[in-house]
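> curious how this folds, go ahead:
(chains A and B)
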Amino acid sequence: MSKLKFSNVSFHQGDVQFFQLKELPSDVKKVEKQFIAASERSGSFHALFGNYDIYEFPDGGFIVDVHDECVLNHSLQSELLGTKVSMDTAVITPKKDHRHTMVPPGKYYVDIQTRFDPLENIKKRVID
Amino acid sequence: MKKIESLTPEQEAKLDIHRDNWLRKIFNYELYNAHNAEKTEIAMKKLYKFCGLEEPRVMLLDSPMACQLEVNRLKGNPDDKIEYEPFSVYINAEDIPWLSFYGYFMDNFDFLEEYKNDFNLILECVENSYAQIQMDEVCLVSKYPKKIARNANNDLHCTTGYAIEFADGYGQHYVNGRFIEEEVFNECDSLINAKIRFHNEENEDIKAAIITIIKENFGNEGLLEMLDAIMVDEKNVTHKNGYSEIIRIYKTKTNYAFLQNSKGELNQPYAWIEFTCPSTKSVYLIDTCPTFTDAIECAKWHRPSNVPGSVDYTWYSAN
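From the prediction side, this is the model:
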């Protein structure tokens, strides 16, 4: 049984999925802001920009605590090179494939959609 | 300098005309059709002079690839040691967004008059250079593409040939805005080759491109034939933001001794769940467990493992 308490509010940007939580779980460790997902092949990333804290979730994925409305962007890493754009500011970066998503304040469990591997009988995060 | 706080209705009405004029340059191939060596040479020599450089020898070539091959030939690199030479950051098609923006104010206001000559020089250069490699003595310039194919989202897209193609036949494949290697694209010429590639491919974007190419060229029947599959269930879900999504599950008619279901039982069919990306409209077939008979239950199961089935499968926002 999951120890997360969900509130039935969810959204997704491509294979990155956000699920709102009723409360912040206790066993999480705060980490530096980072890309939620990045594609080696295309050089793209999904990342949250704005005023929030991010925590590693022990079973995988992240917990984010959004303090003010943030922007979830899907952009090319090359678009950020040489710019002063920071993940601390709620800015819209140039779209790669998926439109940006405005993320309202709240606590969220964030992870990647899964696929089933019928050769190994395990679920894996999808790769793009 | 004067600051504009708002546009008059007449000025606003000119915006669409201005935009369409610029789009025609690229997508109706006005720049490609007007491109010639003489105009290109004049423009690039002016550019070098403006930068305080010696006049270069200007070579107008058919494509960015032709520029790469020529610069390697000039450097004396043997054919088996071709190196990528970066294109110039400025004076290419990527300047068009800012040129069109300032061009509107140049055309309709007089407060940028002092910059007009410099602006027109840059404009003349960009209209005669899709991309270029600038060196001390030589300037290699690529023509604009002769073909650009796009989907309804205006993303580069073509499932029957190159999405962008140049005069010498060099081109690149894109499916719903994503670059696809020539080898993958060519394998989709036949259902058998596409099937092998699809089964061996791990990258979901490449798999989605294969599905799109097969669907557009062979129809849904072709897709099912490629997969040797039948549709098990189809559900139409309306999400909380009003966006509706069709989810389908498929499985092969044949069972395979080496495939398992999520209970670890062998001799199972291949099975997939179909999602359509709301942003790109790409269709994804994600490998799934063959025991599902309800597409919504299956879709829930493909959420991250910590999300229980009791959480609704209805998105507040889907991009």
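
> all strands of the chain, in order?
Since no chain was named, I'll use chain A. A:6-13, A:16-21, A:29-31, A:37-38, A:44-49, A:52-56, A:62-66, A:70-76, A:101-103, A:106-112, A:114-117, A:122-125 (DSSP state E).

> can you look at chain B instead?
B:57-61, B:131-134, B:138-142, B:147-148, B:164-165, B:171-175, B:178-180, B:229-238, B:244-252, B:271-276, B:283-287, B:317-318.

> just name the most buried of those.
Highest mean neighbour count of the strands of chain B: strand B:138-142, a mean of 25 (counted as mean count of other CB atoms under 10 Å in any protein chain shown). To be clear about C-beta, it is placed using only N, CA and C from the backbone, and glycine gets the same treatment.

> what residue in chain A comes nearest to chain B?
Here chain A gets closest to chain B at one residue, residue A:111, 3.3 Å apart by CB to the nearest CB.

> can you count the residues close to that residue?
Per other CB atoms under 10 Å in any protein chain shown, the neighbour tally for residue A:111 reads 24.

> who touches it in this structure?
A:16, A:17, A:57, A:60, A:61, A:62, A:125, B:304, B:305, B:306, B:307 (CB atoms under 8 Å, 6 or more residues apart in numbering or on different chains).

> out of those residues, which are buried?
The neighbour count (16 or more other CB atoms under 10 Å in any protein chain shown) marks A:16, A:17, A:57, A:61, A:62, B:304, B:306, B:307 as buried among those.

> wait, the last one touches residue A:19, no?
Yes: the pair formed by residue B:307 and residue A:19 meets the contact definition of CB atoms under 8 Å, at 5.6 Å.

> now do residue B:71, the pLDDT please.
The model reports residue B:71 with a pLDDT of 96.

> ok, now which ones touch it?
Taking CB under 8 Å, 6+ apart as the test, what residue B:71 contacts is B:85, B:133, B:135, B:140.

> relative to residue A:12, how far out is the residue of chain A closest to chain B?
Distance, residue A:111 to residue A:12, using CB to CB, to the nearest Å: 10 Å.

> then residue B:68?
Residue B:68 sits 39 Å away from residue A:12, going by CB to CB.

> what about those two, which has more around it?
In this view residue B:68 and residue A:12 are compared by other CB under 10 Å, and residue A:12 has more residues nearby, 25 against 21.

> do you know how far the more buried one is from residue B:19?
Distance from residue A:12 to residue B:19, by CB to CB: 32 Å.

> same deal with residue B:129?
22 Å.

> could you do residue A:77 as well?
On the measure of CB to CB, residue A:77 and residue B:19 end up 30 Å apart.

> next one: residue A:28
Per CB to CB, residue A:28 is found 48 Å from residue B:19.

> per-residue confidence for the spatially most central residue of chain A?
Centroid check for chain A by CA atoms, centre = their mean gives residue A:36 as the closest residue, at 4.1 Å. pLDDT recorded at residue A:36 is 96.

> which residue packs closest to it, ignoring adjacent ones?
Counting by CB to CB, 6 or more residues apart in numbering or on different chains, residue A:46 is the residue found nearest to residue A:36 once chain neighbours are left out, at 4.8 Å.

> pretty sure that neighbour contacts residue A:16?
Yes: with contact defined as CB under 8 Å, residue A:46 reaches residue A:16; the gap is 4.4 Å.

> common neighbours of these two, please.
Listed as contacting both residue A:46 and residue A:16 by CB under 8 Å, 6+ apart are A:36, A:37, A:72.

> could you dump those residues to TSV with distance to residue B:175?
Below are the shared contacts of residue A:46 and residue A:16 laid out as TSV (distance: CB to CB, whole Å):
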residue	distance to residue B:175
A:36	25
A:37	21
A:72	24
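
> just those residues now: which is nearest residue B:295?
residue A:37 (24.8 Å; CB to CB).

> how many residues are close by the closest one?
Counted with other CB under 10 Å, residue A:37 comes out at 21.

> could you report the neighbour count for the nearest residue to it once chain neighbours are set aside?
Spatially, and ignoring its direct neighbours in sequence, residue A:37 is nearest to residue A:46 (4.6 Å; CB to CB, 6+ apart). Neighbours of residue A:46 under the rule other CB under 10 Å: 22.

> what's around residue 120, how many residues?
Defaulting to chain A. Neighbours of residue A:120 using other CB under 10 Å come to 9.

> wrong one, chain B
Neighbours of residue B:120 using other CB under 10 Å come to 12.

> any idea how far it is from chain A?
Per CB to the nearest CB, to the nearest Å, residue B:120 is found 28 Å from chain A.

> re earlier: show me which of the shared contacts of residue A:46 and residue A:16 is closest to residue B:23.
Closest to residue B:23, out of all of these and judged by CB to CB, is residue A:72, at 29.7 Å.

> OK, contacts around the residue nearest to residue B:230 when sequence neighbours are not counted?
Here the nearest residue to residue B:230 in space, its sequence neighbours aside, is residue B:253; by CB to CB, 6+ apart that works out to 6.1 Å. By CB under 8 Å, 6+ apart, the residues touching residue B:253 are B:228, B:229, B:230, B:269.

> for residue A:96, same thing?
Counting by CB under 8 Å, 6+ apart, residue A:96 has contacts A:42, A:44, A:74, A:75, A:76.

> right, I'll call it a day here.
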